[in-house]
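*Asks:* Just need the structure, nothing else, for what follows:
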Amino acid sequence: MTRVEKKLKFWECVFLGIVQGVAEFLPISSSGHLILVSKIFEIQSDLSFDVFLHFGTLAAVVFCYRKTIISLFTKNNSQTLLYLVLASIPTFIIAFVVKLFVPFAFLENLLPLGFALTIALLVINNFAQTTKLKPTLLSAIITGVAQGIAVLPGLSRSGATISTMSFFGVEKQKCAEFSFLLSIPVILASVAVEGYEALRAPMQTSVFYIIAGVAVAAVVGFFAIKIVQNMLKKSNFIVFAFYLIIPLILSLILI
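*Replies:* Predicted structure coming up:
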């Protein structure tokens with residue numbers, strides 16, 4: 001599908017930053033919401049802006065888990081680092097195959113399916129038993145597979161990874177921690193791939209507008225992570241399953 005480059009307005013940059021920051025970490029699918037937003041409000045961002053938005057959400061997760069990230073390189077947490085590396089492998093393989101062989105237009109048509117799958121995952125996760133277990137090699141690799149499958153628009157990356165960990169009986173806070181840490185190499189890889197493509201196209205949007213959008217994505221992403229952490233202490237994600245009925249209906253109408 002040919003991408004139409006467009007100079008974004010200030011409010012569009014801020015609005016997209018909010019959507020990216022909220023939906024990247026809440027289990028509601030950032031890709032799915034950005035597709036809906038672009039159709040409803042007729043907003044088409046340029047590739048360079050998309051790349052920078054990822055920097056914003058990357059900054060949010062790195063800031064929130066900065067102490068944990070540093071501790072990964074100590075002897076006591078080397079196993080967790082290994083699990084993150086191994087979990088990233090199936091994610092990269094699946095994402096690479098999809099990007100190479102599956103047109104985005106085809107994936108976009110599957111948006112309602114992605115939202116429906118996220119709803120199903122969150123409902124099933126509602127019945128997962130809370131334990132004190134930590135991630136294992138098997139749960140980490142399967143979670144990496146789930147993250148790779150979440151390239152499907154509408155299928156939430158955080159929802160898929162946290163739910164998968166929960167199915168293995170991993171403690172809720174550990175599920176969220178592993179999920180968000182696992183997003184770091186994925187976001188970095190996405191920025192690298194899309195950044196290369198963006199360098200070949202002229203940047204349409206004002207630098208000031210881009211900075212504003214990135215800053216908003218980072219700040220909103222920070223609070224979204226905190227919301228997830230607090231919700232997992234008290235309950236789970238069933239409320240998001242009910243919310244996702246709305247974008248599911250919208251996607252059926254618009255796609």
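*Asks:* show me where this protein has helices.
*Replies:* In the chain, the segments counted as helices under DSSP state H are 10-25, 30-40, 47-64, 66-71, 78-101, 104-109, 111-125, 137-149, 157-167, 172-199, 207-234, 238-243, 245-254.
*Asks:* Please tell me I have it right and residue 32 contacts residue 247.
*Replies:* Yes - applying C-beta atoms under 8 Å, one finds residue 32 in contact with residue 247, separated by 6.4 Å. C-beta: built from backbone N, CA, C; applies to glycine.
*Asks:* what's the overlap in contacts for those two?
*Replies:* Taking C-beta atoms under 8 Å, 6 or more residues apart in numbering as the criterion, residue 32 and residue 247 both touch 115, 154.
*Asks:* What about the nearest residue to residue 128 once chain neighbours are set aside, how many residues nearby?
*Replies:* Computed as C-beta to C-beta, 6 or more residues apart in numbering, the closest residue to residue 128 that is not its neighbour in sequence is residue 166, at 4.0 Å. For residue 166, the count of nearby residues is 27 (other C-beta atoms under 10 Å).
*Asks:* How about the one 5 residues further on?
*Replies:* Burial of residue 171, expressed as a neighbour count using other C-beta under 10 Å, amounts to 17.
*Asks:* which residues does it contact?
*Replies:* 130, 131, 132, 133, 134.
*Asks:* Same check on residue 233?
*Replies:* By C-beta under 8 Å, 6+ apart, the neighbours of residue 233 are 172, 173.
*Asks:* in stretch 94-103, what counts as buried?
*Replies:* Neighbour-count burial for stretch 94-103, counted by 16 or more other C-beta atoms under 10 Å, picks out 94, 95, 98.
*Asks:* Go ahead and confirm residue 218 touches residue 21.
*Replies:* Yes - contact criterion C-beta under 8 Å: residue 218 and residue 21 qualify, at 7.0 Å.
*Asks:* Looking at the two, which is more packed in?
*Replies:* residue 21 (28 against 22).
*Asks:* check contacts around the spatially closest residue to the more buried one that is not a sequence neighbour.
*Replies:* In this structure, residue 21 finds its nearest non-sequential neighbour in residue 220, 2.9 Å apart by C-beta to C-beta, 6+ apart. Going by C-beta under 8 Å, 6+ apart, residue 220 touches 17, 18, 20, 21, 22, 60.
*Asks:* Apply 10 Å and report the result again.
*Replies:* 14, 17-25, 56-57, 60 (C-beta atoms under 10 Å, 6 or more residues apart in numbering).
*Asks:* likewise residue 65?
*Replies:* By C-beta under 10 Å, 6+ apart, the contact set of residue 65 is 71, 72, 176, 177, 180, 181, 183, 184, 225.
*Asks:* export the residues you listed to TSV and tack on distance to residue 36 and neighbour count?
*Replies:* Formatted as TSV, the contacts of residue 65 follow (distance: C-beta to C-beta, whole Å; neighbours: other C-beta atoms under 10 Å):
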residue	distance to residue 36	neighbour count
71	38	13
72	35	16
176	25	24
177	29	21
180	24	23
181	28	20
183	21	22
184	26	16
225	22	23
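*Asks:* Need those residues in TSV (columns: distance to residue 41).
*Replies:* Shown next, in TSV, are the contacts of residue 65 (distance: C-beta to C-beta, whole Å):
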residue	distance to residue 41
71	42
72	40
176	31
177	34
180	29
181	33
183	26
184	30
225	26
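*Asks:* Let me know the closest of those residues to residue 42.
*Replies:* residue 183 (29.3 Å; C-beta to C-beta).
*Asks:* How about the closest one: what's its closest non-neighbour residue?
*Replies:* Residue 183 sits nearest to residue 61 (C-beta to C-beta, 6+ apart), 5.9 Å away.
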